[in-house]
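# Structure for this input, please:
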Amino acid sequence: MNICMAHRGWSGKAPENTMTAIRLALAEPAIKAMEIDVQLTRDGVPVLIHDFTLERTTNGRGLVMDHTLAEMRELDAGSWFGDKFAGEKIPTLEEVLIAVKGRCTLNIELKATSDMYPGIAEKVLSLVERHGMKQEVHLTSFDHDLIRHVRTLDQEVETGLIVYGRPVLMLEQMEAAGATILSMGYPFLNRELTVAAIEKGFKVIAWTLDDPKHIREVISWHPEIQICTNHPDRMWVCKRK
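Residues are numbered from 1 along each chain as shown. Below you'll find the predicted structure:
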């Protein structure tokens, strides 16, 4: 059965990567997984934010990496989405792990290269282990070297490569990185690659699908393909038709 993965929480209804978006997704039983983006503050705390800069989703300015957790906590991460979300805070990964534990699978995108945030893999894995969630999370990244590093640190947590494009020898690259999840931008996926990957034992996530026409097409390729969407309600409407 196709898994519905809420992109950055239920980001069609609330500001992305905030506790409100997380809680909205957790409140819907049909949402079985959630994707979030994690970076490090200047003082090394994993927090949820997508962009490397603050301007789009907060009232702050500059790079995430240049701000301490205390400074990040002072920012408004909700007003850009709507007045009723004014004062929404940037959550820490630990806050999210506590909220999500036992309720859904968490796909943690490491928003970094292996050089950008030294120690990000270690810090995230430490939190995951502390909360006993190795079987409930996936660590994914565009950076193949970072995913290989995660695999050297831990053999239990599932890992995945994020891809926007259609590289040659994709499944061979997955194996080389020690990844078991292919998270690919849906314009570059097709039925043939999806079936080949799943038959080889990989999980496949298609992102980010919000158009019902595209959702219907992609879920027709294979019953195990996972759909990452800003609007989960559009997915189950499609599945009923």
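# CA atoms for contacts and neighbours, from now on please.
Fine.
# ranges for the strands of this protein?
Counting by DSSP state E, the chain has strands at residues 4-7, 33-40, 46-48, 105-110, 137-141, 158-163, 181-185, 203-207, 226-229.
# For these, could you give me CSV that also reports distance to residue 197 and mean neighbour count?
Output for the strands of the chain, formatted as CSV (distance: least, Cα to Cα, whole Å; neighbours: other Cα atoms under 10 Å):
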stretch, distance to residue 197, mean neighbour count
strand 4-7, 19, 28
strand 33-40, 20, 25
strand 46-48, 30, 25
strand 105-110, 19, 23
strand 137-141, 17, 23
strand 158-163, 13, 23
strand 181-185, 8, 21
strand 203-207, 7, 23
strand 226-229, 13, 26
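# Run through the chain and note the low-pLDDT ranges.
Low-confidence segments of the chain (pLDDT under 70): 114, 237-241.
# Now the spatially most central residue of the chain. Nearest residue, chain neighbours left out?
When Cα atoms, centre = their mean is applied to the chain, the residue found nearest the centroid is residue 35 (2.8 Å). Counting by Cα to Cα, 6 or more residues apart in numbering, residue 35 lies nearest to residue 107, which is 4.5 Å off, once chain neighbours are set aside.
# need the strands of the chain in CSV with distance to residue 126, can you?
Listed next are the strands of the chain as CSV, based on distance: least, Cα to Cα, whole Å:
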stretch, distance to residue 126
strand 4-7, 24
strand 33-40, 14
strand 46-48, 11
strand 105-110, 14
strand 137-141, 13
strand 158-163, 15
strand 181-185, 21
strand 203-207, 24
strand 226-229, 26
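# For residue 66, find the nearest of those strands.
strand 33-40 (9.5 Å; Cα to Cα).
# Which residues are in contact with the residue nearest to residue 14 when sequence neighbours are not counted?
If the residues on either side of it in the chain are set aside, residue 14 comes closest to residue 21, at 5.0 Å by Cα to Cα, 6+ apart. Residues near residue 21 by Cα atoms under 8 Å, 6 or more residues apart in numbering: 8, 9, 10, 11, 13, 14, 15.
# Phi, psi for the fifth one please.
In other words, residue 13. Backbone geometry at residue 13, expressed as degrees, to the nearest 10, gives phi -110, psi -20.
# any idea how far residue 162 is from it?
Distance, residue 13 to residue 162, by Cα to Cα, to the nearest Å: 24 Å.
# repeat for the third one
Residue 10 sits 20 Å away from residue 162 when distances are taken as Cα to Cα.
# Kindly report the same for the second one.
Between residue 9 and residue 162 the distance is 18 Å, computed by Cα to Cα.
# what are the bridge partners for the residue lying closest to residue 194 once chain neighbours are set aside, then?
Distances taken as Cα to Cα, 6+ apart place residue 204 nearest to residue 194, at 6.7 Å, with adjacent residues excluded. Beta-bridge pairing for residue 204 (DSSP bridges): residue 182.
# Residue 204 against residue 182, yeah?
Yes: assessed by Cα atoms under 8 Å, residue 204 is found in contact with residue 182 at 4.9 Å.
# Quick one: the helices in the chain, in order.
Secondary structure of the chain (DSSP state H): helices at 19-26, 69-73, 93-100, 120-130, 144-153, 170-177, 191-199, 212-219, 232-240.
# List of residues touching the longest one?
Outside of helix 120-130, the residues within contact range by Cα under 8 Å, 6+ apart are 39-40, 45-46, 93-94, 97, 110, 134, 137, 146, 149-150, 153.
# Try it again at 7 Å.
Outside helix 120-130, the residues that touch it by Cα atoms under 7 Å, 6 or more residues apart in numbering are 40, 46, 94, 134, 150.
# and what of the third one?
Helix 93-100 is contacted from outside by 46, 47, 48, 127, using Cα under 7 Å, 6+ apart.
# hey, what's residue 40 bridged with?
Going by DSSP bridges, residue 40 is paired in beta bridges with residue 46.
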